[in-house]
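Peer 1: give me a 3D structure for the following:
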Amino acid sequence: MERVRLDLSSVAVVVKNRSFLYSHRTELFNSLVQGGFNIYFYAGDDVKVQNNNFRELGGGSGYNLSKTLYTNRKSLKKFANIHIIGLVPFFVFCLLNITDIRRKNILISISGMGWIFTSAPRLLRAFAIIFLRSLRKITSAIIVQNTDDYNFFKKLGYERCYIIPGSGVDEKKFTYVPIRRNATKVRVLMTARLLRDKGVDEFVEASLILNVSDKSNFEFHLIGNYDKQNPSKINQTLFNKAVKTQSIIWHGKQDDVHSFIVESDVVVLPSYREGFPKVLIEAMAVGRPIITTDVAGCRECLSDNGFLIRPKCAEDLIRALKDFSQLSFEERKRFSDNSYKFFKSHLTDDHVYKSHLKIYTDTFNNQEIGL
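Peer 2: Numbers count the residues shown, from 1 in each chain. Next up, the predicted model:
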């Protein structure tokens, strides 16, 4: 175990896996390092990525988050400041550190309520709510990404609750690109983990139906890989059929999502619930119209820049896609311009990073404890 000297600027960040950290939060934590904080990560070991701005103290080959936290529990005790990302890591951390958590400054970031609040049995959901209510007094502050989640945690008694939409995107990479003028087919893009709760089944079903009835007008592209640890499994038979018949073009996991967004005409996310979806922020940064669901975290992305549909409804997605295909270039350009305007007004890195830095400063400025 690496020996480190800790002070009030040292923060232990607990996250389920590295892939989420490096795909969604790298620039955010780089900005916090530049703001004067020393960042140390404890994560499950699914991907190894080197970043010289912060250090990883937990993990190992084959480790999941529970094993990482248990194996490194002595080093974690040295930290007064803990930043936990996600509901499951919050639960796991508190269960493994039940005797020590009241001596910590604990900040929670919730980017989405996850499977427990979309598809889990009611009994499990009820238990999660009871557990969350019991933890409200040991939580220094909580960051959520939409109004629904804010209201949920306020009702549970969380006093210091903040809304920051999204975690920021790399604006140098995700730059505005004008939409195509003379498109022969509508290029429809969805990028997400291959989970039922992301609306992948509805996307696949829509592609299969339109491949039969309206193949000449649409081209479906899907980016994403399997999340084997998540219980929200997609309909594998339906998915295999869509890939085999080329109703969708599946690109698997891609590091360069920007180029796919640029080549698309509309970005789709028929999710069942989100925090504030990164892919839609990226789509708006590029200036792409969007089609998404009327659920927490997704409805906030609509501002006369696309279509809102019902969740778990492939028919609604088909209708919206057909409506989009009938739009004139001027109408599509209006959606595109409004997407970009919404991004520049509410979702830029500068707003996200400054908001996080202020919360860090306010939360982690207590007297030194437990070091």
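Peer 1: where along this structure do the strands fall?
Peer 2: Taking DSSP state E as the criterion, the chain carries its strands at 10-17, 38-44, 55-56, 81-85, 105-109, 141-144, 161-163, 186-191, 218-223, 248-250, 266-269, 290-293, 306-309.
Peer 1: JSON lines for these, including mean neighbour count?
Peer 2: Glycine gets a C-beta too; all of them are placed from N, C-alpha and C. Formatted as JSON lines, those follow (neighbours: other Cβ atoms under 10 Å):
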{"stretch": "strand 10-17", "mean neighbour count": "23"}
{"stretch": "strand 38-44", "mean neighbour count": "23"}
{"stretch": "strand 55-56", "mean neighbour count": "16"}
{"stretch": "strand 81-85", "mean neighbour count": "26"}
{"stretch": "strand 105-109", "mean neighbour count": "24"}
{"stretch": "strand 141-144", "mean neighbour count": "25"}
{"stretch": "strand 161-163", "mean neighbour count": "18"}
{"stretch": "strand 186-191", "mean neighbour count": "24"}
{"stretch": "strand 218-223", "mean neighbour count": "22"}
{"stretch": "strand 248-250", "mean neighbour count": "18"}
{"stretch": "strand 266-269", "mean neighbour count": "27"}
{"stretch": "strand 290-293", "mean neighbour count": "26"}
{"stretch": "strand 306-309", "mean neighbour count": "22"}
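Peer 1: mean pLDDT and distance to Asn151 added to those, as JSON lines?
Peer 2: JSON lines is the format used below for these (pLDDT from 0 to 100; distance: least, Cβ to Cβ, whole Å):
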{"stretch": "strand 10-17", "mean pLDDT": "88", "distance to Asn151": "25"}
{"stretch": "strand 38-44", "mean pLDDT": "86", "distance to Asn151": "30"}
{"stretch": "strand 55-56", "mean pLDDT": "66", "distance to Asn151": "35"}
{"stretch": "strand 81-85", "mean pLDDT": "94", "distance to Asn151": "21"}
{"stretch": "strand 105-109", "mean pLDDT": "94", "distance to Asn151": "16"}
{"stretch": "strand 141-144", "mean pLDDT": "96", "distance to Asn151": "9"}
{"stretch": "strand 161-163", "mean pLDDT": "96", "distance to Asn151": "9"}
{"stretch": "strand 186-191", "mean pLDDT": "97", "distance to Asn151": "28"}
{"stretch": "strand 218-223", "mean pLDDT": "96", "distance to Asn151": "32"}
{"stretch": "strand 248-250", "mean pLDDT": "96", "distance to Asn151": "36"}
{"stretch": "strand 266-269", "mean pLDDT": "98", "distance to Asn151": "22"}
{"stretch": "strand 290-293", "mean pLDDT": "98", "distance to Asn151": "19"}
{"stretch": "strand 306-309", "mean pLDDT": "98", "distance to Asn151": "20"}
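Peer 1: could you dump those strands to JSON lines with distance to Asn235?
Peer 2: Listed next are the strands of the chain as JSON lines, based on distance: least, Cβ to Cβ, whole Å:
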{"stretch": "strand 10-17", "distance to Asn235": "25"}
{"stretch": "strand 38-44", "distance to Asn235": "27"}
{"stretch": "strand 55-56", "distance to Asn235": "36"}
{"stretch": "strand 81-85", "distance to Asn235": "30"}
{"stretch": "strand 105-109", "distance to Asn235": "31"}
{"stretch": "strand 141-144", "distance to Asn235": "30"}
{"stretch": "strand 161-163", "distance to Asn235": "34"}
{"stretch": "strand 186-191", "distance to Asn235": "15"}
{"stretch": "strand 218-223", "distance to Asn235": "14"}
{"stretch": "strand 248-250", "distance to Asn235": "13"}
{"stretch": "strand 266-269", "distance to Asn235": "17"}
{"stretch": "strand 290-293", "distance to Asn235": "18"}
{"stretch": "strand 306-309", "distance to Asn235": "19"}
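Peer 1: can you tell which of those is closest to Lys358?
Peer 2: Among these, strand 161-163 comes nearest to Lys358, with 9.1 Å by Cβ to Cβ.
Peer 1: what's the closest of the strands of the chain to Thr71?
Peer 2: When these are compared by Cβ to Cβ, strand 38-44 sits nearest Thr71, at 9.7 Å.
Peer 1: re the thing from before, do you know which of the strands of the chain lies nearest Glu27?
Peer 2: So among these, strand 38-44 is nearest, using Cβ to Cβ, at 12.6 Å.
Peer 1: show me what that closest one pairs with in its sheet, parallel or antiparallel.
Peer 2: As defined by DSSP bridges, the strand partners of strand 38-44 come to strand 10-17 (parallel), strand 55-56 (parallel).
Peer 1: quick one: which of those strands is nearest Tyr360?
Peer 2: Among those, the nearest to Tyr360 by Cβ to Cβ is strand 10-17 (7.4 Å).
Peer 1: for Gly168, phi and psi?
Peer 2: The phi/psi pair for Gly168 (degrees, to the nearest 10) reads phi 90, psi 150.
Peer 1: Gln326 too?
Peer 2: phi -90, psi -10.
Peer 1: so how far is Arg332 from it?
Peer 2: In this view, Gln326 and Arg332 are 10 Å apart by Cβ to Cβ, to the nearest Å.
Peer 1: so for those two, which residue has more residues nearby?
Peer 2: Counted by other Cβ atoms under 10 Å, Gln326 and Arg332 do not tie: Arg332 has more neighbours, with 22 against 10.
Peer 1: any idea what sits nearest that one, other than its immediate chain neighbours?
Peer 2: Leaving out its chain neighbours, the residue that sits closest to Arg332 by Cβ to Cβ, 6 or more residues apart in numbering is Ile179, at 5.8 Å.
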